[in-house]
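Colleague: with the sequence up front, the predicted model follows.
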Amino acid sequence: MSILIYAENQNGKVSKGAKELAAYAKAYGDKSGQEVVAIGFGLENPKELYTYGASKVLNVEDPILKNFNAYAHASGIAEAATKENASLVLISSSNDAVYLGPILAKKMQAGYLSQVMALPEDGDTFIVKRKTFSNKGIAYTALLTEKKVLRIAKNSFGLKENPVDGNVESFNPNIDASAYDMLKVIKVEKVSGKVPLTDADIIVSAGRGMKGPENWGMIEELADVLDAPVSCSKPVADIGWRPHAEHVGQTGKQVAPNLYIAIGISGAIQHLAGVNSSKYMVVINNDPEAPFFKAADYGVVGDAFEVVPALIEKLKVFKQG
Amino acid sequence: MKILFLMSSVPDTTSKINFTENDTKFDEDGIQFVINPHDEFGLTKAMQLKEKLGGELVVLNVGTAKTEPVIRKTLAIGADRAIRIDVEPTDSYFTASQIAQYIKQNNDFDLIIAGKESLDYNSGIVHGLVAEMTGIKFVNACIGLDVIENNVIEIAREIEGGKEIIDTTMPIIIGGQKGLVKEEELRIPNMRGIMMARKKPLEVLPAFEAEVKSKIEKFEKPPSKGAIKLVEKDNLDALINLLHNEAKVI
């Protein structure tokens, strides 16, 4: 018996989400006596998964299959699950994995739970904790099927290292490539350079308190010092100060960094619903009554136009030290 | 063009979330229900397509009678008629089975629009399962959709750090979200719409036989965070110290 993980990549490199899946699978595999096997599509550094506990990596090298197609990848994963005798398959919460999850579950005739935030509970029944109600509730949910697919919530388990010896196997699943014609990708547009918001360890975010788009220079400088991407609140995207792709919140991107710094954002419930999975939150706001002060871990009451430049200088000194 | 809009009725975002019956049920007491925020973008998109290309817009909801005020709201915004499958939507598989069986009996829809996730149980599974159960193809996280000609459509899908444009054909099921239409285009019911909605058909169907694959055993609230630590604005070294030594995030 083994646990299979869907190891995604970014430009060939094993994704952060894949490492977290390997760590989760290894921790559960040690409890339940199962080996961790990963399947990747065109991984350039598959051995990196050994560090997090995967002892076997099935690497699909067919160049057509390197590109994501939910049907093709789901079919490859299902075939790998049969081959490796895996009744539990783990996927991440990336856009691609969220998309293929139900397709994979149906193909495997498996039960499927998403937003899983911790290892399965001890006991005879298979029960996992799920995030619900935009992180305002946790549901202990029993999965009643023999085969299972779990989608793990971002940054909920962490990148715990647990090195093992492993091997990489070239894998040629029997995939019907017509899915690539059925859903034909004619263009891909990616913002180059920075880490995507949904994968970032640190995010610097700003809101209406910045008074105008011309004042974002200091936000970007702070982000650069911390090697972080920039995001914004909904009103700021709606008035066009910043692009919609930077909007984090309930209807924008849902993020889960280790550190979220909110500058000039009051902290409306809709905003918090998209960021409250962050491990730590810092608020900088001149209004001590801003609701964000009730949600954050650390706060500075003060004018962003004074605090942010001062913080940049302090951080530069810290980084040099 | 015939469009089916799959609608979830969810607690308003500002609701206080509490649990009842020994923490086994969500406490609906005093909760205001609304159209799922992700669904709203799809509903407006469906209205725009109907106005441009003609056709019919049908709303489908799986839920008990208490969802009817929210269904009426979609009719007030402009949907032509509504179907409610009369059962509590428990697990995703069960709910998807209800919708899939309805679609199999009424299989003349060109476009089926859902939200990418409902903001109550946050599973994001139902519409994808419906696609698999009916054999209709599926694209999730849609942030743009254009009908090019006849049944040819172009869909923008959100990916990590960007988007991809997909060329495909209808029939199709999509998971919609912000971007499908602009925020300022979102429609809200007006008085005339509300009056007209009262006369539009809302058909109630009995539940289909279906399997359940998961069961919520109990709920709990996330552990509350400790009190915020405030740092004086002229002592930012203290903030860096906390982030480095206590939180260990820088």
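Modeller: On my side now, so go ahead.
Colleague: pick out the residue of chain A closest to chain B.
Modeller: In chain A, the residue that lies nearest chain B is A:Pro102 (2.9 Å; C-beta to the nearest C-beta). Every C-beta, even on glycine, is put in place using the N, C-alpha and C of the backbone.
Colleague: am I right that that residue is in contact with B:Glu117?
Modeller: No: judged on C-beta atoms under 8 Å, A:Pro102 makes no contact with B:Glu117 at a distance of 11.7 Å.
Colleague: tell me which of these two has more neighbours.
Modeller: More crowded of A:Pro102 and B:Glu117, by other C-beta atoms under 10 Å in any protein chain shown: A:Pro102, with 32 against 27.
Colleague: show me what the top strand by length along chain B is packed up against.
Modeller: In chain B, assigned by DSSP state E, the strand with the most residues is strand B:137-149. Packing contacts for strand B:137-149, counted by 3 or more C-beta pairs under 8 Å, 6 or more residues apart in numbering or on different chains; DSSP states H and E, involve helix A:95-108, helix B:37-53, helix B:126-134, strand B:152-159, strand B:162-169, strand B:172-176.
Colleague: can I get these in CSV including distance to B:Thr74?
Modeller: Below are the helices and strands packed on strand B:137-149 laid out as CSV (distance: least, C-beta to C-beta, whole Å):
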stretch, distance to B:Thr74
helix A:95-108, 24
helix B:37-53, 6
helix B:126-134, 16
strand B:152-159, 22
strand B:162-169, 26
strand B:172-176, 14
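Colleague: out of those, which gets nearest to A:Lys279?
Modeller: Comparison of those against A:Lys279 by C-beta to C-beta identifies helix A:95-108 as nearest, at 21.2 Å.
Colleague: list the contacts for the residue nearest the centre of chain B?
Modeller: Nearest residue to the geometric centre of chain B (C-alpha atoms, centre = their mean): B:Gly115, 3.3 Å. The contact partners of B:Gly115, by C-beta atoms under 8 Å, 6 or more residues apart in numbering or on different chains, come to B:6, B:8, B:36-42, B:127, B:175-177.
Colleague: give me that answer again for 10 Å
Modeller: A:251, B:5-8, B:10, B:35-43, B:124, B:126-127, B:174-177, B:180 (C-beta atoms under 10 Å, 6 or more residues apart in numbering or on different chains).
Colleague: same thing with A:Pro196?
Modeller: A:Pro196 neighbours (C-beta under 10 Å, 6+ apart): A:10, A:15-16, A:94-95, A:190, A:229, A:245, A:253, A:255, B:159-162.
Colleague: now, of those, which are buried?
Modeller: For those, a burial check counting by 16 or more other C-beta atoms under 10 Å in any protein chain shown picks out A:10, A:15-16, A:94-95, A:229, A:245, A:253, A:255, B:159-161.
Colleague: and stretch B:171-190 with chain A, contact?
Modeller: Yes: if you take C-beta under 10 Å from any C-beta of the partner chain as the test, stretch B:171-190 does meet chain A, through B:172, B:175, B:177-179, B:182-184.
Colleague: chain center to that stretch: distance?
Modeller: 10 Å (C-alpha atoms, centre = their mean, to the nearest Å).
Colleague: A:Val204: which of the residues of stretch B:171-190 next to chain A is nearest?
Modeller: Using C-beta to C-beta, B:Lys178 is the member of the residues of stretch B:171-190 next to chain A that lies nearest A:Val204, at 21.5 Å.
Colleague: I figured that closest one was touching B:Phe41, is that so?
Modeller: Yes: counting by C-beta atoms under 10 Å, B:Lys178 touches B:Phe41, with 5.7 Å between them.
Colleague: number of residues surrounding the nearest residue to A:Lys253 once chain neighbours are set aside?
Modeller: Distances taken as C-beta to C-beta, 6 or more residues apart in numbering or on different chains place A:Leu197 nearest to A:Lys253, at 5.3 Å, with adjacent residues excluded. By the measure other C-beta under 10 Å, the count of residues near A:Leu197 is 24.
Colleague: how near is A:Leu197 to A:Glu246?
Modeller: Distance of A:Leu197 to A:Glu246, given as C-beta to C-beta, to the nearest Å: 7 Å.
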